[in-house]
Each structure stands twice: as C-alpha cells, then as structure tokens.
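Engineer: turn this into a structure:
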Amino acid sequence: MATAIVSDSNASLPAEAARGLPVFFAPLEIRIAGRVYTDGVDLAPADFYALLRSGGALPTTSAPTPAAFLDAFRRASATASEAVCVTLSAELSAARASAREAVRLAERELPGFAVTLADSRSAGPAQSLIVLDAARLAASGAPPAAVLERVERRAADTFLMGYLDTLRHLSRSGRVPRLAAWAGGLLNVKPVLHLADGRIRLLERPRSEGKALTRVAAIARERLGGRPARAAVAHAGAPESAEALAERLRASLAVAELFVMELTPAIGAHTGPGLVACALQPADA
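Structural biologist: Okay, the predicted model is just below:
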C-alpha cells in the first residue's frame, strides 16, 4: 500500500469505522489531580465524564508528544511507503507543531518514508470524517498527492457544530469569548457553537435542550441545501441526546452514512460533560 494516514486521538474515530484501513493515531495526554493518562488507552470516556460530574480538580490536556507521533509513523511505515498526517486544528492545539518535530525525527530514523503534514482545521467528529475519507482513498491505492488534495478539500467542506450543557468548562480553556461564556451561564441556555477555520463561534442561545436539538438539525439542513451527506454525531457522556440528534438528522437529511460516537476525554476535558455535536460532509464531492 502506497499511503497511510496518521492523525491524533482527538479525531475520536470509532474502532469499527477504522477497521482494515491504513490509519494510525498518536494519543493526546490528559492530566487530572497530578496523574497523567494516555488518551484512549488508560482512561475510558465514561469514567472520565463521571469524574468531571463529581467535581474536583479540572483536567488539562497536552498535544501528542513528538515521540507519540514518531511511534505512529513507525507503525505506518510497516504498511506503507508514505504517510499524510492530519492533525487537530493548529488554532486549537500544538499537535501540528509536535507532528512537525516528529517528521524531522523520522527523516533520520525512517529513511525513505516520507510524511506530509495537513491541518484538518477542525476537531473531533469533523476531524474523524476527514481522516476516514482520506484513509478510504489511501486504501484504494491513491498516491499521497491525491490523498493530500482530498484532505485539503474536506477541511474546507466539512462542517462541525453542536451545543453544550454549559460553557463553563470551555470558557476556562480560553477558547470562547468571555461574552459567549457569560451568555452560556444564563438559566437554561444551551449554547449552539460552530467550529470553522479552527475557531469556535457562538451561533445561537436556545433555552432548552429540545430547542437546541431542533436548531442544530435545522442549521444542518440549511447548510447542506438538499445534498446527500455523511454525518458523525458525537457526545460527551450524553448518549441519549446524541441518538436523538442522529434520529433528527436521519429524518431531515439525505444521509448516505451516519455513525454515533463518544468523544475522547481529550475533547471532554475542555467542553465538560453534556456536549452533543455533529459533523457533516457532502457525500457527492
């Protein structure tokens, strides 16, 4: 196989979706009360969200280390001659810088194995759709240049939005404006957010979860304009709400493919429990 895909664990791609594809992940790290966990390895999402709901120390995260990316490159080199590394948005994380250092290390350790970096300009379920599409193209035998072009196109046309139970956790991370955080603290408000060009923006402030679900589905329908879509619905400890959103999307969109997934703790550390999000990607492009 000519090309492999490497990404970071923020993509949250379900194992069943990635099975049989040339895709490899470098894990982020989560720190809670002085202890360091490896994302997706020694901290289950359900246990993590239970910890958040119980209060206590706030978690922090770190981008995958260059060593973690280098290990993913080693594994990829056993099955492919080149790799495209699709990272979490550089606006949100140091993952791209860490991957760049790992590429430098790989040039010495893995001579003849070329790695090209690509910024997903997104995160979570949108990143997972971009990675999945690239991995499927790579598995078909496409050369690295074609895979890179597909990643860049998907980074531009994959749309991510969702709503939060509260903006309290996200505002502490510094990733939303203070005014938006204040608005999210109003009684019963479920802020609807949009991630575009690596930046998080507040779209609306519906006053109940039901209204938030309705607005997310309506915005998705408006955004797609009747085109068929691939969709990923993700949640942070809110499986019933995620299934409710998935049902609304199936009822209102021409869904070519849809999967529901639980977000990695590396995302939940910033959003807190209760996030429900969806990513949409045109299926006709």
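
Engineer: which helices and strands sit right next to the helix or strand harbouring R201?
Structural biologist: Take DSSP states H and E as the rule and R201 turns out to sit in strand 199-204. Applying 3 or more Cβ pairs under 8 Å, 6 or more residues apart in numbering; DSSP states H and E, we find strand 199-204 packed against helix 178-184, strand 192-196. Just so you know, the C-beta spots here come from the backbone N, C-alpha and C atoms, and that holds for glycine as well.

Engineer: now the last one: buried residues?
Structural biologist: Taking 16 or more other Cβ atoms under 10 Å as the basis for neighbour counts, the residues of strand 192-196 that come out buried are V192, L193, H194, L195.

Engineer: what sits up against that strand?
Structural biologist: By Cβ atoms under 8 Å, 6 or more residues apart in numbering, the list of residues contacting strand 192-196 from outside reads 89, 121-123, 126, 159-164, 176, 200-206, 212, 215-216, 219.

Engineer: give me the sheet partners of that strand and which way each runs.
Structural biologist: strand 159-163 (antiparallel), strand 199-204 (antiparallel) (DSSP bridges).

Engineer: ok so, going back, closest one of the buried residues of strand 192-196 to V151?
Structural biologist: L195 (16.8 Å; Cβ to Cβ).

Engineer: okay, and the beta partners of that closest one?
Structural biologist: L195 has the following beta-bridge partners by DSSP bridges: L160, I200.

Engineer: how much space between it and P66?
Structural biologist: Remark: distance between L195 and P66 (Cβ to Cβ, to the nearest Å) = 26 Å.

Engineer: and F113, by the same measure?
Structural biologist: 16 Å.

Engineer: so which of the strands paired with strand 192-196 gets nearest L263?
Structural biologist: In terms of Cβ to Cβ, the element of those nearest to L263 is strand 159-163, at 9.8 Å.

Engineer: need the three-state assignment for the residue lying closest to A231 once chain neighbours are set aside.
Structural biologist: Nearest non-adjacent residue to A231, counting by Cβ to Cβ, 6 or more residues apart in numbering: L258, 4.4 Å away. Reducing the assignment at L258 to three states with DSSP: H, G, I helix; E, B strand; the rest coil gives strand.
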